[in-house]
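Undergrad: Below is the structure, and that's it, no one-letter string:
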């Protein structure tokens, strides 16, 4: 079975391709953009497309142009499994099967693709969180430095002040630190 | 008023998403008590899928796509949609590569293109490739009609392909396509990039060309009538704002934002020139427009000849919902357009004769083949 993965996100495409290669003997290729001539040469049995690929309309239109394309693709809609199609849409994946492939085989491909998309979304969220954590830690450092300078505190004592402020107000340390830095700026006339 | 989560409305990066963008950015949605999230999509296929599973509450949509989705011929599950608002009048244009325009010389008309098609065939060269944005688009039907009137068979004499609007210039430059029919700003953008020449605007082929509609599922419209009316009132006011000449520069800079259309604001401002969003009843969904689009879908065998054109047009296009919103705002009613003129056989086109027109056009095509 040959699977073409079209995804403008190269990291995610690679993840999906890797996941699919483990399922059963098959050949997986990934492309950032759908190029009709390349696709025709590869002759995929299934095309897995990210919902955020701008090429979905082009791929779908190949159904209309059977004369121009000897291997038309059709949209994978198995009416008995409407739930699967719905999950795929929400996960951001679509699949097109070329005539003659069994629904069960397409299902396994789609399930792997969906799980990889979810994995990637999870990784992206972790990355965002890590970035936010890092930014928050930098803000705490700045707030500490401010307290040390303005109130002549040791580093440990400055941290305890922030900690107490956070506990008293029930707000995260990063938020309290950010407020302190912002207010200090206003008091010094940096704001308006 | 609206539910627990914001209303999610999908749009594609085109000038005719203006009414939705203005309603959000200029506070018309908020003034109606609506919390709306605009969600940019990159393909009509994804808009269709997200509408059918409820991931989008409503969307900016090609008018023929709303009809095709309702009939279940656009791929995916048949999902009855309603179109209670037209988002724009005018905006599509036919643009060709500068090289092709040069080869056409002074005959920059469909007839000029027909001569070029013949010459290419005699030379054994590959046929001219033209792109539209989606099979079920007014662009496809305008282009096909324009070609057919000059004796070009759009299915045999040229190669018609589908490409995303925002990639048209790049495809023109790369020689992948030699022309396209797409809504602004992508025609003006191709001209500004020195890649293309606008041969004819939709508004020259058909004054007040219908193009996009705002669509929701019929089930959503029935379940949330108050939210739908509030959306319509907000977008009607946004349309009037967008039409005001004094607001066009600001409109262009709003559309130009990278998360909306994402193109040069000067290009967008120039490309808005013939587009109308509200004035003169532009926002009213005209059932006869839906009937014309369905007749073209039938003419080119995109739908079966037994589809009841008048019934489908009247179920999807809902001027009654539009009228309820205009009345609530104290605006005058929009008179329905009864007939369309300009057909080659001279007969008027209306809701009653639409089916006969379509069947005749389809038969004429089959017998010619």
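TA: Thanks, I have the structure now. Model, not experiment: these values are computed from the prediction. Numbers count the residues shown, from 1 in each chain, chains lettered A, B, ... in the order given.
Undergrad: which ones are touching residue 177?
TA: No chain was given, so I picked chain A. Residue A:177 is in contact with A:136, A:139, A:140, A:142, A:143, A:144, A:162, counting by Cβ atoms under 8 Å, 6 or more residues apart in numbering or on different chains. Bear in mind the C-beta positions are built from the backbone N, C-alpha and C, glycine included.
Undergrad: that answer is for a different chain, and I need it for chain B
TA: Taking Cβ under 8 Å, 6+ apart as the test, what residue B:177 contacts is B:97, B:129, B:130, B:131, B:161, B:163, B:168, B:171.
Undergrad: quick one, phi/psi of the first one?
TA: Here the main-chain torsion angles of residue B:97 (degrees, to the nearest 10) amount to phi -60, psi 140.
Undergrad: partners of it in the sheet?
TA: Beta bridges link residue B:97 to residue B:196 when assigned by DSSP bridges.
Undergrad: Kindly report the same for the third one.
TA: Beta-bridge partners of residue B:130, counted by DSSP bridges, are residue B:160, residue B:179.
Undergrad: That one against residue B:180, yeah?
TA: Yes. Residue B:130 lies in contact with residue B:180 (Cβ atoms under 8 Å); the separation is 6.2 Å.
Undergrad: higher neighbour count, those two?
TA: A count of neighbours by other Cβ atoms under 10 Å in any protein chain shown puts residue B:180 above the other of residue B:130 and residue B:180, at 30 against 26.
Undergrad: Need the pLDDT of that one.
TA: Note on residue B:180: pLDDT of 96.
Undergrad: which residues touch the residue most central in space within chain B?
TA: By Cα atoms, centre = their mean, chain B has its centre lying nearest to residue B:211, at 2.8 Å. Neighbour list for residue B:211: B:16, B:62, B:63, B:87, B:88, B:89, B:90, B:91, B:92, B:138, B:183, B:202 [criterion: Cβ under 8 Å, 6+ apart].
Undergrad: Among those residues, which lie within helices?
TA: Using DSSP state H, the members of those that fall within helices are B:63, B:138, B:202.
Undergrad: Now render those as TSV, adding neighbour count, pLDDT and distance to chain A.
TA: As requested, the ones in helices among the contacts of residue B:211 are exported to TSV (neighbours: other Cβ atoms under 10 Å in any protein chain shown; pLDDT from 0 to 100; distance: Cβ to the nearest Cβ, whole Å):
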residue	neighbour count	pLDDT	distance to chain A
B:63	27	97	16
B:138	28	95	15
B:202	27	91	20
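Undergrad: same for the longest helix anywhere in chain A, what does it pack against?
TA: Longest helix in chain A, counting residues (DSSP H): helix A:103-151. Judged by 3 or more Cβ pairs under 8 Å, 6 or more residues apart in numbering or on different chains; DSSP states H and E, the packing partners of helix A:103-151 are helix A:10-21, strand A:46-50, helix A:82-91, strand A:93-98, helix A:155-169, helix A:173-187.
Undergrad: same question for that helix, mean pLDDT?
TA: Regarding helix A:103-151, the rounded mean pLDDT is 85.
Undergrad: Could you do stretch B:148-164 as well?
TA: Averaging pLDDT along stretch B:148-164 yields 92.
Undergrad: what does that stretch contact?
TA: In this structure, residues lying in contact with stretch B:148-164 by Cβ under 8 Å, 6+ apart are A:54-55, A:57-58, A:60-61, A:65, A:68, B:42-43, B:109-111, B:113-114, B:117, B:121, B:126-135, B:140, B:143-144, B:147, B:171, B:176-177, B:180, B:300, B:344.
Undergrad: Just the buried residues of those residues.
TA: A:54-55, A:57-58, A:60-61, A:65, A:68, B:42-43, B:110, B:113-114, B:117, B:128-135, B:140, B:143-144, B:147, B:171, B:176-177, B:180, B:300 (16 or more other Cβ atoms under 10 Å in any protein chain shown).
Undergrad: from those, which ones fall inside strands?
TA: Among those, the members found in strands (DSSP state E) are B:129, B:130, B:131, B:132, B:180.
Undergrad: how does chain B divide into domains?
TA: Domain ranges of chain B: B:7-89+B:210-359, B:92-208, per automatic domain parsing.
Undergrad: Turn the contacts of residue A:177 into a markdown table, columns for neighbour count.
TA: Output for the contacts of residue A:177, formatted as a markdown table (neighbours: other Cβ atoms under 10 Å in any protein chain shown):
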| residue | neighbour count |
| --- | --- |
| A:136 | 16 |
| A:139 | 20 |
| A:140 | 22 |
| A:142 | 14 |
| A:143 | 25 |
| A:144 | 20 |
| A:162 | 19 |
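Undergrad: Mean neighbour count, the helices and strands packed on helix A:103-151: which tops it?
TA: strand A:46-50 (a mean of 26; mean count of other Cβ atoms under 10 Å in any protein chain shown).
Undergrad: Within its sheet, name the partner strands of that one and how each one runs.
TA: By DSSP bridges, strand A:46-50 pairs with strand A:2-6 (parallel), strand A:93-98 (antiparallel).
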